[in-house]
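Q: Need coordinates for the following:
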Amino acid sequence: MNRIALLVTMVLLLGSPLAWAHGAGVHVIGTLAEITADHLDIRVPNGNTMTVGVNEKTRYRSKKATMPKPQVGDRVVIEAIKDGAVLVAVDVQFAPAPATPAK
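A: Prediction:
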């Protein structure tokens, strides 16, 4: 019985940091519909548009070194935090939209 209690205790103690490791961020995934100096409008998969604020601390990342900032139409994954009633982007990962085949 003591072994089971010890095992349960160890699992709870070692598993707790994993639950907190992800943070309190909000993910926004979609296609970039509009870019302004202070926000991005993202068309999310359900067809709605979400507005995410940006500031001087927002990081932009792309696997293509030739693309320092995203363009309208790019696919984005945004890690944002809530600041009052608005979302503010912390990290914006982006990639060009896939080319559509000619019909």
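Q: which residue ranges form the strands in the chain?
A: 26-35, 39-43, 49-53, 59-61, 75-83, 86-95 (DSSP state E).
Q: Same list as before, those that is, but in a markdown table and with distance to Lys69 and mean neighbour count included.
A: Using the backbone N, CA and C atoms, a C-beta is placed for each residue, glycine as well. Formatted as a markdown table, the strands of the chain follow (distance: least, Cβ to Cβ, whole Å; neighbours: other Cβ atoms under 10 Å):
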| stretch | distance to Lys69 | mean neighbour count |
| --- | --- | --- |
| strand 26-35 | 8 | 16 |
| strand 39-43 | 11 | 20 |
| strand 49-53 | 15 | 16 |
| strand 59-61 | 6 | 12 |
| strand 75-83 | 11 | 17 |
| strand 86-95 | 8 | 19 |
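Q: and Pro68, which of those is closest to it?
A: strand 59-61 (6.9 Å; Cβ to Cβ).
Q: Which strands border that closest one, and is each parallel or antiparallel?
A: strand 86-95 (parallel) (DSSP bridges).
Q: And the contacts of the strand it pairs with?
A: Residues from elsewhere that reach strand 86-95 (Cβ atoms under 8 Å, 6 or more residues apart in numbering): 25-26, 28, 32, 40, 50-55, 57-64, 67, 70, 74-82.
Q: Spit out the contact partners of Ile78.
A: The contact partners of Ile78, taken as Cβ under 8 Å, 6+ apart, are His27, Val28, Ile29, Leu40, Ile42, Val52, Ala89, Asp91, Val92, Gln93.
Q: Tell me how far the residue nearest to it when sequence neighbours are not counted lies from Tyr60.
A: Sequence neighbours aside, Val28 is the residue nearest to Ile78 in space, at 4.3 Å (criterion: Cβ to Cβ, 6 or more residues apart in numbering). Relative to Tyr60, Val28 is positioned 14 Å away (Cβ to Cβ, to the nearest Å).
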